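**Student:** sequence and predicted structure are below.
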Amino acid sequence: MRPLLEIRALGHRYPDGSHGLADCSLVLLPGSRNALLGANGSGKTTLLQHINGLLRPSSGGLLLDGRALDYSRAGLAALRRRVGLVFQNPDQQLLAATVFEDVSFGPLNLGLDAAQVRRRTVEALQAVGLADLAGRQVQQLSHGQKKRICIAGVLAMEPELLLLDEPMAGLDAAMQDELLTVLDSLSGRGVTLLLSTHDVDFAYRWADAIHLLQRGGCVASFAALALPEYSSELLAAGQPLPAVVALHRSLVERGLLAGVPVPRSLAALQAVLRTNCPKFEFEPGGDH
Ligand SMILES: Nc1ncnc2c1ncn2[C@@H]1O[C@H](COP(=O)(O)OP(=O)(O)OP(=O)(O)O)[C@@H](O)[C@H]1O
Ligand SMILES: [Mg+2]
């Protein structure tokens, strides 16, 4: 399958000389769900900001549909119609006074007529469960609510590639579940998703592909199902193993579950244990 996005040997130096990215290469397949893992400072935000053209490469480059990004004014406008970015920090993203104004800002800029702008804004606010807050002042909202407004603002653009920088951070469990529902429905409509996260358990059960960053480079890109084979790379990049992988490993070491593939969540492991080892009982936490 031809990649939607190809990142080739991307390097970025910030004006103060620090390296944001160094020789970073990866591809995103159309319609896939991708998780970007990496320690603090490994380059996740810097990479995401290159993909919608906010930052420009110091070396290497990016290809969307096989074509190099076009940094002219018109090229960037066209890019941002296709690629939406939800920032790590909502205060960097929110522009307008009220929630409705903020979410409608993008569709208005696309030159859509008033009815379409309204439809997209209302639908996006409904998708993040904030339709009731449309008239509220953005600055009066909580951090989690602001994050959801940012997500609504990007959804209203109806992008084909959606980038989310640590979208779950700061959301309570119920809102994380709602966000997952939104992501599932986007994914069902063929939208390509790339999100950064520090939650390896979530990345393992949710993603199709995982891209692991370390010191500005992508040190491994693999199918999420193959994660157990990449434990040394994950540990070297400062990432813990998902709890289900660690638990499966210790059970296999104790002679249980030999030959059973690693399930993707604790709940799935519990189901396997019920079948294979009826004497073994444990209650998983809140994962699905
Ligand atoms: N504006 C900036 N000026 C100079 N250096 C920067 C700037 N922003 C980021 N960096 C540096 O670039 C590197 C990558 O940072 P980046 O913010 O992309 O990491 P990250 O993986 O998103 O980290 P986190 O998990 O903390 O969000 C780090 O070494 C960081 O110090
Ligand atoms: Mg970051």
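**Tutor:** Arrived safely, thanks for sending. Numbers count the residues shown, from 1 in each chain. Ligands and ions are numbered 1, 2, ... in the order given.
**Student:** any weak-confidence spans in the chain?
**Tutor:** For the chain, the stretches flagged by pLDDT under 70 are 280-288.
**Student:** same thing but at 50, please
**Tutor:** Within the chain, the segments meeting pLDDT under 50 span 288.
**Student:** near ligand 2, which residues of it are found?
**Tutor:** 44-45, 88 (Cβ under 5 Å from the ion). C-beta coordinates here come from the backbone N, C-alpha and C atoms, glycine included.
**Student:** who's the spatially most central residue of the chain bridged to?
**Tutor:** What sits nearest the mean C-alpha location of the chain, by Cα atoms, centre = their mean, is residue 195, with 1.1 Å. Judged by DSSP bridges, the bridge partners of residue 195 are residue 35, residue 164.
**Student:** the strands in the stretch 1-150 of the chain, which residues?
**Tutor:** 5-13, 19-28, 33-38, 59-64, 67-68, 83-86 (DSSP state E, counting those that start in this stretch).
**Student:** roughly how far apart are the residue in the chain that ligand 2 sits nearest to and residue 73?
**Tutor:** With Cβ to the ion, the shortest gap between the chain and ligand 2 falls at residue 45, namely 3.2 Å. According to Cβ to Cβ, to the nearest Å, residue 45 and residue 73 sit 24 Å apart.
**Student:** who's more crowded, the two?
**Tutor:** Neighbours per residue, other Cβ atoms under 10 Å: of residue 45 and residue 73, the larger number sits with residue 45, 20 against 8.
**Student:** for this structure, longest helix please?
**Tutor:** Longest helix in the chain by number of residues, with DSSP state H as the criterion: helix 173-188.
**Student:** now do that helix against strand 33-38, angle only.
**Tutor:** 130 degrees (axes from the mean of the first three to the mean of the last three Cα atoms, to 10 degrees).
**Student:** show me what helix 173-188 is packed against.
**Tutor:** helix 143-155, strand 192-196 (3 or more Cβ pairs under 8 Å, 6 or more residues apart in numbering; DSSP states H and E).
**Student:** and the helix or strand that the last one is followed by, does that touch ligand 1?
**Tutor:** Later in the chain than strand 192-196, the nearest helix or strand by DSSP states H and E is helix 200-206. No - Helix 200-206 stays out of contact with ligand 1 when judged by Cβ under 6 Å from any ligand atom, the minimum separation being 13.1 Å.
**Student:** which elements pack onto the helix or strand following helix 200-206?
**Tutor:** Using DSSP H and E, the helix or strand that directly follows helix 200-206 along the chain is strand 209-214. Using 3+ Cβ pairs under 8 Å, 6+ apart, the elements in contact with strand 209-214 are strand 19-28, strand 33-38, strand 217-223, helix 231-236.
**Student:** can I get stretch 73-91 in PDB, CA atoms only?
**Tutor:** Extracted in PDB, the C-alpha atoms of stretch 73-91 (Å, rounded to 0.1, in the frame of the first residue of the first chain):
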ATOM      1  CA  ARG A  73       1.200  30.300   1.600                       C
ATOM      2  CA  ALA A  74      -1.200  28.400  -0.700                       C
ATOM      3  CA  GLY A  75       0.600  25.100  -0.100                       C
ATOM      4  CA  LEU A  76       0.400  25.400   3.700                       C
ATOM      5  CA  ALA A  77      -3.300  26.300   3.500                       C
ATOM      6  CA  ALA A  78      -3.900  23.200   1.400                       C
ATOM      7  CA  LEU A  79      -1.800  21.100   3.800                       C
ATOM      8  CA  ARG A  80      -3.800  22.300   6.800                       C
ATOM      9  CA  ARG A  81      -7.100  21.400   5.100                       C
ATOM     10  CA  ARG A  82      -5.900  17.800   5.000                       C
ATOM     11  CA  VAL A  83      -3.800  17.500   8.100                       C
ATOM     12  CA  GLY A  84      -5.100  18.700  11.500                       C
ATOM     13  CA  LEU A  85      -3.000  19.000  14.700                       C
ATOM     14  CA  VAL A  86      -4.300  19.000  18.200                       C
ATOM     15  CA  PHE A  87      -1.700  20.700  20.400                       C
ATOM     16  CA  GLN A  88      -0.200  19.200  23.600                       C
ATOM     17  CA  ASN A  89      -1.100  22.500  25.400                       C
ATOM     18  CA  PRO A  90      -4.600  23.700  24.700                       C
ATOM     19  CA  ASP A  91      -3.700  27.300  25.600                       C
END
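**Student:** buried residues in it?
**Tutor:** 79-80, 82-90 (16 or more other Cβ atoms under 10 Å).
**Student:** check stretch 52-60 too.
**Tutor:** So stretch 52-60, judged by 16+ other Cβ under 10 Å, has buried residues 52-53, 55, 57, 60.
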